[in-house]
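the sequence and its predicted three-dimensional model are supplied below.
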Amino acid sequence: ATPSFADYDCTRVTVVVPYPAGGAADVAARLVADRLEALTKKSFVVENRPGATGNIGTAAVVNAKPDGCTLLVNAAVIATFPASFTKLAFDPLKDLVAVGGIGVTPTLLVAAKSVPADDLKGLVQLSRQRPEGLSFSTAGYGLLQHLAVEEMSQRTGAKFVHVVYKGDAQAATDLIAARVDFCSFAAGSVIQFVREGQLKP
């Protein structure tokens, strides 16, 4: 039989989110932690350990005591990190064990209101017209949102310049202020700005 949390001698379960508070992973982790706490009658504490595209928090979980009392909430894209990072303090396929999924969120490209493009075709065309191309931001190098734009650039010949942020919140703020042209985000991180008309998908 598969063990449950009731089988572990944990008075407190630490749920590490390797990204800043307020992003899609953080919100999902807090929702799940609340429900697990009620279900298991154990204390679940969400701990944000951002940095290095989630690798700092992930390494902390890899190095934690393997007693089932420390969980990581990260995206499946970490399986590609050995190809994205030359120096990685862990092997996601060997050092971590998947215990379940908590959600799926689509990637959403959003542009500053001042960008004269209303769809992907227009974004690609605009990037070709500008000698410096278009700047785009993500919450980290090697994330799915970054890889999606790089693939789009390769397939279309678009000229996109990547600007890496430590998290979604500052990147969204700078996009609203038009300091970058567009962003690639987990949809949950920016959907409210789209609904409010501050950014355009």
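Perfect, thanks for sending it.

leaving out the residues flanking it, which one is nearest to Leu123?
Ala117 (4.5 Å; C-beta to C-beta, 6 or more residues apart in numbering). For glycine as for every other residue, the C-beta is placed from the backbone atoms N, C-alpha and C.

which strand or helix spans that neighbour?
Using DSSP states H and E, Ala117 sits within no helix or strand.

need the contact list for Gly167.
Residues in contact with Gly167 (C-beta atoms under 8 Å, 6 or more residues apart in numbering) are 19-20, 22-23, 50, 139.

which one of these is nearest to Ala98?
Among the contacts of Gly167, Tyr19 lies closest to Ala98 (C-beta to C-beta), at 18.2 Å.

tell me how many other residues surround the closest one.
By the criterion of other C-beta atoms under 10 Å, Tyr19 has 29 neighbours.

got a list of what it touches?
25-26, 48, 50, 54, 57, 139-140, 167-168.

do the same with Gly188
23-24, 27-28, 105.

what does Thr14 give?
Counted by C-beta under 8 Å, 6+ apart, Thr14 has contacts 45, 47, 64, 69-71.

just checking, which of those residues belong to strands?
45, 47, 70-71 (DSSP state E).

from the residues you listed, keep the buried residues only.
Buried members of the ones in strands among the contacts of Thr14, counted by 16 or more other C-beta atoms under 10 Å: 70-71.

tell me which element Leu126 falls in.
Counting by DSSP H and E, Leu126 is part of helix 120-129.

check which helices and strands that helix sits against.
strand 107-112, strand 134-138, helix 144-156 (3 or more C-beta pairs under 8 Å, 6 or more residues apart in numbering; DSSP states H and E).

can I get stretch 55-64 in CSV, CA atoms only?
The C-alpha coordinates for stretch 55-64 follow below in CSV (Å, rounded to 0.1, in the frame of the first residue of the first chain):
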residue,chain,number,x,y,z
ASN,A,55,17.0,26.1,-8.4
ILE,A,56,17.9,27.5,-5.0
GLY,A,57,14.6,26.2,-3.4
THR,A,58,14.8,23.0,-5.3
ALA,A,59,18.3,22.3,-4.1
ALA,A,60,17.2,23.0,-0.6
VAL,A,61,14.5,20.3,-0.9
VAL,A,62,17.0,17.8,-2.5
ASN,A,63,19.3,18.4,0.5
ALA,A,64,16.6,18.2,3.1
